[in-house]
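S.K.: sequence first, then the predicted structure, then my questions.
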Amino acid sequence: MQLDPATLAVAIGGGLAAGMLAGLFGVGGGIVFVPILVMAFSFSQLSAQATSLAAIVPLAMVGAWRQSASDLVYWRGALIMGCGAAVGVLLGAEVATRLPNHILAQAFGVVLILVGGQMLISSIRALRAKRASAPTVDLHPL
């Protein structure tokens, strides 16, 4: 990747967008990093995913530090999940390096669709539950 001013601007903008989304929604930077690296910089899917993993390290550290200042991080749970994730990433990376690029890209897209769909369904259910529990106002008392 050549770091001319335009490329640098896109990379910084993508990092800024990923960081804002991570801080706002707690999403992994990979949701933003991988598509940017593939579409804007012509990375292969595998190279984009590997680069995204490296780019997420500072993002996660700063985000956890900031949220920890508000006493929002459950460190024990984070450590347990992190250990499981460390083993999982080794296994996932091994599988990823063996898959053809187009299959890996399709699988990534399917995961994004499934996660987005699950989040949409969950938010709709929460909204319905909130509406169902809200007190009703009778506009016609007679």
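M.R.: Right, received. Where do you want to start?

S.K.: pLDDT (mean, whole number) over the longest helix along the chain?
M.R.: What stands out as the longest helix in the chain, according to DSSP state H, is helix 101-133. For helix 101-133, the mean per-residue pLDDT is 92.

S.K.: any idea how far Leu101 is from Ser47?
M.R.: Quick fix: residue 101 is Asn, not Leu. 9 Å (Cβ to Cβ, to the nearest Å). Quick note: C-beta positions are derived from backbone N, CA and C, even for glycine.

S.K.: returning to that earlier point: name the helices or strands packed onto the longest helix of the chain?
M.R.: With contacts defined as 3 or more Cβ pairs under 8 Å, 6 or more residues apart in numbering; DSSP states H and E, helix 101-133 has these neighbours: helix 30-39, helix 45-69.

S.K.: rebuild these as TSV, extending it with mean pLDDT, mean neighbour count and distance to Arg76.
M.R.: Output for the helices and strands packed on helix 101-133, formatted as TSV (pLDDT from 0 to 100; neighbours: other Cβ atoms under 10 Å; distance: least, Cβ to Cβ, whole Å):
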stretch	mean pLDDT	mean neighbour count	distance to Arg76
helix 30-39	87	20	25
helix 45-69	90	16	13
